[in-house]
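How does the following fold in three dimensions:
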Amino acid sequence: MKRIIIILVMLILGFQNSNAQQMPQFTQYMYNTIAINPAYAGSREVLSIVALGRNQWTGFDGGPQTQTLSINSPLRNEKIGLGLSLINDKAGYENFTYVYADFSYTINLGDRTKLAFGVDAGATSYKLSDELYNGVEIGQDPYFDERLDRWNPNFGAGILLHSDRWFAGFSIPRLINNDTNNQTEYAALERVHYYVIGGYVFDLGESVKFKPSILAKYTDDAPISTDFTANFLFNEKLWLGASYRANGQQGAFGALIDFQVTQQFRIGYTYELPTGEIRPYTSGSQEILLMYEFRFTKKNLKSPRYF
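Predicted coordinates:
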């Protein structure tokens with residue numbers, strides 16, 4: 001019986017390891033860009049606070065659950081931006097916590113075009129839940145005599161080219177491959193990820209705008225993941241859109257809604273329906289985003305930013 005339980009646990013851990021190698025994914029990446037590109041820090045020209053919660057594969061036991069909290073702002077000279085990002089990502093018995101500080105420097109290339117360079121540095125925590133360690137059978141196995149919990153430092157970099165109508169960026173938010181538990185039988189790797197992001201805003205009329213955007217992510221030993229998103233903005237208040245994620249044999253269709261409640265506060269919601277093998281076991285994924293911005297001067301009182 002013990003052997004069967006151990007085998008089952010290791011199979012579960014092995015399945016989740018394939019997810020753990022991937023950084024958390026978000027459908028509303030265009031409003032939470034600082035989570036993947038430090039050059040975004042300060043680009044909104046206000047003190048911006050973003051909270052996001054994602055429940056992936058609702059109904060699937062052990063499905064990923066992710067929460068993020070970020071704050072970023074330009075300094076007085078507006079060329080330097082600072083930020084802080086906190087991400088908690090739990091899948092099954094595994095829990096990753098990311099704590100990273102962001103720094104960006106922006107160069108004006110014209111009246112409206114800017115080029116920002118960014119770096120981030122911090123640490124990633126890896127932990128197996130107490131529920132696993134406290135299991136009667138697991139507690140008697142020598143493999144788990146040493147707790148696998150640990151912190152690993154890391155750093156990253158990115159660039160962002162943008163105007164008030166379009167944006168394009170490239171980033172590597174984690175530049176070090178870390179084995180989070182130092183075990184040969186089971187390697188929980190924090191892998192290097194490469195991101196490319198872009199988007200453009202088109203005027204379709206006096207009160208309607210259209211913004212297509214794309215996010216591509218690549219890491220070793222995993223298929224390229226690409227998000228295609230199309231959003232429509234009505235009266236500078238309401239965003240409605242749809243998305244599709246292509247990720248090897250897996251995929252997901254999504255619907256998005258985002259509302260600018262006041263000049264400072266906005267709320268967004270997305271629902272995704274997977275198309276791969278996981279589809280029969282889940283009712284979909286949900287994501288909620290809250291954003292609040294402190295605008296200290298009239299200079300920063302602009303219409304809602306498009307990214």
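
and stretch 23-30, C-alpha only, in PDB?
The C-alpha trace of stretch 23-30 is given here as PDB (Å, rounded to 0.1, in the frame of the first residue of the first chain):
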ATOM      1  CA  MET A  23       6.100  30.900 -15.000                       C
ATOM      2  CA  PRO A  24       2.400  31.800 -14.200                       C
ATOM      3  CA  GLN A  25       0.300  32.800 -17.200                       C
ATOM      4  CA  PHE A  26      -2.300  35.600 -17.300                       C
ATOM      5  CA  THR A  27      -5.000  36.400 -19.900                       C
ATOM      6  CA  GLN A  28      -4.900  40.100 -18.900                       C
ATOM      7  CA  TYR A  29      -1.200  40.300 -19.500                       C
ATOM      8  CA  MET A  30      -1.500  43.700 -21.200                       C
END
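
which residues touch it?
32, 35-36, 52, 54, 64, 66, 68, 87, 89, 173-174, 193, 197, 199, 213, 215, 217, 225, 227, 229, 231, 243, 245, 254, 256, 258, 268, 270, 272, 285, 287, 289, 307 (C-beta atoms under 8 Å, 6 or more residues apart in numbering). Heads up, the C-betas are built off the backbone N, CA and C, glycines and all.

From these, keep the buried residues only.
The neighbour count (16 or more other C-beta atoms under 10 Å) marks 32, 35-36, 52, 54, 64, 66, 68, 87, 89, 173-174, 193, 197, 199, 213, 215, 217, 225, 227, 229, 231, 243, 245, 254, 256, 258, 268, 270, 272, 285, 287, 289, 307 as buried among those.

Among those residues, which lie within strands?
Taking DSSP state E as the definition of strands, the buried ones among the contacts of stretch 23-30 contribute 52, 54, 66, 68, 87, 89, 197, 199, 213, 215, 217, 225, 227, 229, 231, 243, 245, 254, 256, 258, 268, 270, 272, 285, 287, 289.

Sketch out the low-pLDDT regions of the stretch 151-300 of the chain for me.
Scanning the stretch 151-300 of the chain for pLDDT under 70 picks out 179-189, 296-300.

try 90 this time
Scanning the stretch 151-300 of the chain for pLDDT under 90 picks out 151-152, 164, 175-192, 206, 219-223, 247-251, 263, 274-284, 295-300.

And the strands in the stretch 1-150 of the chain?
47-55, 65-74, 80-91, 94-108, 114-128, 150-162 (DSSP state E, counting those that start in this stretch).

List the strands paired with the second one, with their directions.
This means strand 65-74. strand 47-55 (antiparallel), strand 80-91 (antiparallel) (DSSP bridges).

Return that strand as CSV; C-alpha atoms alone will do.
What follows is strand 65-74, C-alpha atoms only, in CSV (Å, rounded to 0.1, in the frame of the first residue of the first chain):
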residue,chain,number,x,y,z
GLN,A,65,-4.2,29.1,-8.4
THR,A,66,-2.2,32.4,-8.8
GLN,A,67,-2.4,35.8,-7.0
THR,A,68,-0.3,38.8,-7.9
LEU,A,69,0.2,42.2,-6.4
SER,A,70,2.4,44.9,-8.0
ILE,A,71,3.2,48.5,-7.5
ASN,A,72,5.2,50.7,-9.8
SER,A,73,5.7,54.4,-10.4
PRO,A,74,8.0,56.9,-12.2
